[in-house]
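Participant: fold the following and give me the result.
(2 chains)
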There are 2 protein chains.
Amino acid sequence: MIAVDWGTTTFRAYRLAPAGSIVEKRSAELGILAVQGDKFAEALESQIGDWLDADSGPVVMSGMIGSRQGWKEAPYAQCPAGAKEIAACMVEVRWGTSRSAWIVPGLSCRDRQGVPDVMRGEETQILGALDDVLEHSARICLPGTHSKWVQLEGGRMTRFATHMTGEVFAVLKAHSILGRMMTAADFDPVAFQSGVLRAREPGGLLHHLFGVRSRGLVGDLTDDDSAAYLSGVLIGHELAAIPRLTGAVYLLGVPQLARLYAEALRTYGVDAGVLDPDSAVSGLFKLAQTLPGS
Amino acid sequence: MIAVDWGTTTFRAYRLAPAGSIVEKRSAELGILAVQGDKFAEALESQIGDWLDADSGPVVMSGMIGSRQGWKEAPYAQCPAGAKEIAACMVEVRWGTSRSAWIVPGLSCRDRQGVPDVMRGEETQILGALDDVLEHSARICLPGTHSKWVQLEGGRMTRFATHMTGEVFAVLKAHSILGRMMTAADFDPVAFQSGVLRAREPGGLLHHLFGVRSRGLVGDLTDDDSAAYLSGVLIGHELAAIPRLTGAVYLLGVPQLARLYAEALRTYGVDAGVLDPDSAVSGLFKLAQTLPGS
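Facilitator: All right, here's what the predicted structure looks like:
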């Protein structure tokens, strides 16, 4: 099969052996925002036309390629959902005389108050990492621009919540008064931890954010430490909002971020497991197994 | 006397009669950031040199003019502080052969965890508005870019907390994924109120922020309503972080913002009083009364 992880800024394709091992991989800065005039078929042919010619098996694609701005919208599957429910919502695209590919849907849920949440792409990463989760009930945290906290029950995602932690950090650093004092110094783990602990004190996030500035103004925080402290305050507030932070927790993200979250989680007495962040390919392979003829 | 409110972007000067009424006022886009090469004396002379020549009494200035980036740093007075304590920390500047002016210090405090907070300019507005606060104990909220919540006890400011609410709204609207969906539609009070109520539900601010996007994606929130909803979520989280929101609360801010906060406070059963937002002049007048020879 051919597994394609097609996001906003990056295109990644993998040719897999029948048993699921990666035979060859390609990537390009050809995210969906870089594809002009909806020419997604042409973009895909330009990257892996030779694989398609060689009839390498079904093509399954996940990520923003299935969003409203992508090739064809694959409406969100609903929680609770595992591989079977997600596969059932895949959408087919056809082009040329006989080419076709499947697009994986995103996942949505509603909280007890009826407010919706959505993911697109992470569901496939999670499916790929599921086999390394041993407990029946567990939580997976995918840290990042939009961190996801996903509740697992018996191999299905029952609910999840997204936190804008990474994006809020980035816009405050680049565009707010807090960023003006920050330097490019090495990330200080002590300042980070101090921010994580601050988040457990009263006052609220909007007040704790101003503390980055006021602590700097009175000399309690150096300019070199302020970015790490801000990061700690934000990640700390994300963790403080997770209900009942006990039981099995797994981290699924790039190593640098997974390390930060693991450190912050330790202040809550949680020893988080770490999952392979390159699990999207396994997830796509798992979904391909459900296709007719597999 | 001459009262000067000299902030980051704006210069405002008032010539007052001995009893405190405004005889004449002038303003210019000559905030401290617009003053080149520390030529503050020249800038002041260019605006009100004729008043100074006419010996209109002492000059008292508040705002960022007393910051490290201003004319001369006026170190923060410490809470608890009223007019007397703040006046005692005023700093004098002299120029020319016989000109001089007083700069009002900012105010700082530390919370129970020892984390500092600071204000500069708002303390003078509050001093000017104090006479309209009838209760011995009361809170004043100054909504804005950096909202302040100030505890008053018997005419003195005993502690306060700053919330970055207005700035976080502005940077998220201008620079985050949330801003992309927003239109220039009229501010919808129902969407605002719905955001205020969302802030009282579990999940945390970072999760509620992502809800602006997810509600939009699934069609629960229109693009036209999303800015008002975001504003409600942020102001709601500011209020949710105020401890024991009971007792007398006063709002001191521009009418549009004071109205929003009053509406949000009503969901907490608080009927806030409204103070005159142009109170800086009265505060400067009150401080001038403490000078020798007054």
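
Participant: C-alpha from now on. contacts and neighbour counts both.
Facilitator: OK.

Participant: count of neighbours near A:E167?
Facilitator: Applying other Cα atoms under 10 Å in any protein chain shown, we find 19 residues neighbouring A:E167.

Participant: residues from the stretch 1-150 of chain A in reach of chain B?
Facilitator: Residues of the stretch 1-150 of chain A lying near chain B by Cα under 8 Å from any Cα of the partner chain: A:113, A:115-118, A:146.

Participant: so which of those residues are in strands?
Facilitator: A:116-118 (DSSP state E).

Participant: as TSV, those with neighbour count, distance to B:F11 and pLDDT would be great.
Facilitator: TSV is the format used below for these (neighbours: other Cα atoms under 10 Å in any protein chain shown; distance: Cα to Cα, whole Å; pLDDT from 0 to 100):
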residue	neighbour count	distance to B:F11	pLDDT
A:P116	23	47	98
A:D117	25	47	98
A:V118	25	48	98
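
Participant: for the stretch 151-294 of chain A, what spans make up the strands?
Facilitator: Along the stretch 151-294 of chain A, counting by DSSP state E, counting those that start in this stretch, strands occupy A:156-163, A:249-251, A:273-274.

Participant: nearest to B:T124, out of those?
Facilitator: strand A:156-163 (38.5 Å; Cα to Cα).

Participant: re earlier: closest one of the ones in strands among the residues of the stretch 1-150 of chain A next to chain B to B:M164?
Facilitator: Looking across those and measuring by Cα to Cα, the closest to B:M164 is A:D117, at 25.7 Å.

Participant: nearest to A:G37, of the ones in strands among the residues of the stretch 1-150 of chain A next to chain B?
Facilitator: Comparing those against A:G37 with Cα to Cα places A:V118 closest, at 26.1 Å.

Participant: skip the chain neighbours and tell me the closest residue to that closest one.
Facilitator: Once flanking residues are discounted, A:V118 sits nearest to A:S108: 4.4 Å by Cα to Cα, 6 or more residues apart in numbering or on different chains.

Participant: tell me the contacts of the one you found?
Facilitator: By Cα atoms under 8 Å, 6 or more residues apart in numbering or on different chains, the residues touching A:S108 are A:76-79, A:116-119.

Participant: against chain B, how distant is the residue of chain A most remote from its centre?
Facilitator: Centroid-distance maximum for chain A: A:V218 at 37.8 Å, with Cα atoms, centre = their mean. From A:V218 over to chain B the distance is 7 Å, taken as Cα to the nearest Cα, to the nearest Å.

Participant: and the closest residue to that residue other than its chain neighbours, what is it in contact with?
Facilitator: Excluding the flanking residues, the one nearest A:V218 by Cα to Cα, 6+ apart is B:P116, at 7.4 Å. The contact partners of B:P116, taken as Cα under 8 Å, 6+ apart, are A:211, A:214-215, A:218, B:108-110.

Participant: from those residues, which is closest to A:A87?
Facilitator: Distances from A:A87 to these, taken by Cα to Cα, are shortest for A:G211, at 47.0 Å.

Participant: for the stretch 151-294 of chain A, what lies in contact range of chain B?
Facilitator: When proximity is defined as Cα under 8 Å from any Cα, the stretch 151-294 of chain A approaches chain B at A:161-165, A:167-168, A:171-172, A:175-176, A:201-211, A:214-215, A:218, A:237-238, A:240-243.

Participant: buried subset of those as a ChimeraX selection?
Facilitator: Filtering those down to the buried ones (16 or more other Cα atoms under 10 Å in any protein chain shown) takes a single ChimeraX command:
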select /A:161,162,163,164,165,167,168,171,172,175,176,203,204,205,206,207,208,209,210,211,214,215,218,237,238,240,241
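
Participant: hang on, isn't A:E85 packed against A:V104?
Facilitator: No: the pair A:E85 / A:V104 is not scored as a contact, 10.9 Å apart, by Cα atoms under 8 Å.

Participant: residues in contact with the residue of the stretch 1-150 of chain A found nearest chain B?
Facilitator: Nearest to chain B in the stretch 1-150 of chain A, going by Cα to the nearest Cα, is A:D117, at a distance of 5.3 Å. Residues counted as contacts of A:D117 (Cα under 8 Å, 6+ apart) are A:108-111, A:160-162, B:211, B:214-215.

Participant: can you do 7 Å?
Facilitator: Going by Cα atoms under 7 Å, 6 or more residues apart in numbering or on different chains, A:D117 touches A:108-110, A:161-162, B:211, B:214.

Participant: domains in chain A, by residue range?
Facilitator: Per automatic domain parsing, the structural domains of chain A span A:2-109, A:134-274.

Participant: in TSV, list the ones in strands among the residues of the stretch 1-150 of chain A next to chain B along with distance to A:A228.
Facilitator: TSV is the format used below for those (distance: Cα to Cα, whole Å):
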residue	distance to A:A228
A:P116	31
A:D117	29
A:V118	29
